[in-house]
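>>> 3D, please:
(one chain, ligands or ions: 2)
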Amino acid sequence: MTQPLTILGIESSCDDTAAAVVRETADGAAILSSIVEGQSTLHADFGGVVPEIAARAHAERLDHCVEAALAEAKVTLADIDAIAVTAGPGLIGGVVSGVMCAKGLAAATGKPLIGVNHLAGHALTPRLTDAIAYPYLMLLVSGGHCQFLIVRGADDFSRIGGSIDDAPGEAFDKTARLIGLPQPGGPHVERAADAGDATAIPLPRPLMDRPGCDMSFSGLKTALLRARDAVLVDGALRAQDQADLAASFQRAVRDILVGKSRRALDIYLSKAPVTPTFAVAGGVAANQSIRGGLQDLCSELSCTFTAPPLALCTDNAAMIAYVGIERFRLGMFDDMTLSARPRWPLDTTAQPMLGHGKKGAKA
Ligand code: KG4
Ligand code: ZN
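Ligands and ions are numbered 1, 2, ... in the order given. This next block holds a predicted model:
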């Protein structure tokens, strides 16, 4: 291999300010540092991410995150080969903060600048963590996105289906709000579900009778609201009912994701890859029940299954630095005209998704 690359990554597209240093290795890459400063306490009183608060916090914290990432990796800017930064999609104020920071570093050091699609960061995470080869089928499930992608290269994605409304992470967050749990909802709903009966509350599995692998999650929250109201006692939710609601919701999301993954794998396998690999990524991939369901499906269909370690499911800058390595190797650099994009679909040939997610307009 030529001299291994060392890339600084910067991520600020939602409510995590992050910086990381990733170094190329003979068979993939190694994370030298990954700093993530979450903002959940700043948004706690508002029941969701407030874009203006997020943008200000990113602007205040980015320099510190970059310094911490360099220090933990025991490198200086002189050791860095390029600066990779999330340039979209996401909440525009935060993305602008990250892009400005990266441009400043690139201008000051003369190092190349690489604009990275946040979704590509999630989609290439299995190459960072497990060095899997192209092509593979990816289920990207996060707070703002839900799509099945055939990943053929660092800049070669085909979307074969996805949510037509809410993303599953959004649905977890709304469910948490409805049953009195804090944000971000996913991990709290998962914990509450441990003590619940997943068959206690009947909830719909929308679009399951339709062909293809599009999904819908918005009907779940209406059904959950009704189910919650039906079990309230003097306006309060008993702990067992809260647990049953959480478990039933989580089971419904798992059934939808696993059922539609089966369809997506059918489509993918019909194109006959020699060694089929199915990978899941994004915040919702941290959910053990959903990971377990997808793992079982892949065992049944004799596909290799990969899911990132929990810290690399949710937003981080290591995944952005890693995409930076691949884009560097492809000669894909940006200049000072790099701009922040609220919308940036990975597959520009696919129909655009409608609506607005937690991170703003959907890609
Ligand atoms: O990928 P991510 O950090 O940000 C986006 O790009 O959206 O995903 C955050 C989302 C949140 O909606 C959060 O509730 C959800 O991922 N999440 C989970 C879990 N951990 C995080 N959902 C279900 N179970 C979890 N354990
Ligand atoms: Zn994300």
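>>> Distance of the closest residue to ligand 1 within the stretch 1-150 of the chain relative to residue 12?
The minimum distance from the stretch 1-150 of the chain to ligand 1, using Cβ to the nearest ligand atom, falls at residue 143 (2.9 Å). Glycine gets a C-beta too; all of them are placed from N, C-alpha and C. Separation of residue 143 from residue 12 (Cβ to Cβ, to the nearest Å): 15 Å.
>>> Looking at these two, which one has more neighbours?
residue 12 (37 against 27; other Cβ atoms under 10 Å).
>>> Phi first, then psi, for that one.
Backbone torsions for residue 12, taken as degrees, to the nearest 10, come to phi -160, psi 40.
>>> quick one: contacts for it?
Taking Cβ atoms under 8 Å, 6 or more residues apart in numbering, we find residue 12 in contact with 18, 58, 62, 86, 90, 94, 95, 97, 98, 101.
>>> What parts of the protein come near ligand 1?
Contact residues (Cβ under 6 Å from any ligand atom) of the chain with ligand 1: 14, 142-144, 169-170, 172-173, 184-187, 190, 282-284, 286-287, 314-315, 358-359.
>>> ok, and which of these reach ligand 2?
Among the residues of the chain next to ligand 1, proximity to ligand 2 is found for 142, 315 (Cβ under 5 Å from the ion).
>>> ok, of the residues of the chain next to ligand 1, which come out buried?
Buried members of the residues of the chain next to ligand 1, scored by 16 or more other Cβ atoms under 10 Å, are 14, 142-144, 169-170, 172-173, 184-187, 190, 282-284, 286-287, 314-315, 358-359.
>>> Which of those fall within helices?
Using DSSP state H, 169, 170, 172, 173, 185, 186, 187, 190 are the members of those that sit in helices.
>>> Which of those residues sits closest to residue 75?
Lowest distance from residue 75 to those (Cβ to Cβ) belongs to residue 187, with 31.9 Å.
>>> Tell me the spacing between the residue nearest to the closest one when sequence neighbours are not counted and residue 348.
Leaving aside its chain neighbours, residue 187 sits nearest to residue 286 (7.1 Å; criterion: Cβ to Cβ, 6 or more residues apart in numbering). Per Cβ to Cβ, residue 286 is found 29 Å from residue 348.
>>> got it, and residue 157?
Counting by Cβ to Cβ - residue 157 and residue 348 are separated by 9 Å.
>>> Looking at those two, which is more packed in?
residue 157 (24 against 10).
>>> hey, what's residue 236 bridged with?
Beta-bridge pairing for residue 236 (DSSP bridges): residue 233.
>>> For it, the count of nearby residues, please.
Quick note: residue 236 (other Cβ under 10 Å) scores 9 neighbours.
>>> what's the distance between it and residue 180?
Residue 236 is 9 Å from residue 180, by Cβ to Cβ.
>>> ditto for residue 95
The value you get for residue 95 to residue 180, if Cβ to Cβ is used, is 32 Å.
>>> between those two, who's got more neighbours?
residue 95 (30 against 13).
>>> and that one, that one's in a helix?
Yes: the assignment for residue 95 by DSSP: H, G, I helix; E, B strand; the rest coil puts it in a helix.
>>> Excluding chain neighbours, what is closest to it?
residue 340 (3.9 Å).
>>> what sits against the one you found?
Applying Cβ under 8 Å, 6+ apart, the residues contacting residue 340 are 87, 88, 92, 95, 96, 98, 99.
>>> Any chance you could note which residues of the stretch 1-150 of the chain sit beside ligand 2?
residue 142.
>>> Many thanks, have a good one.
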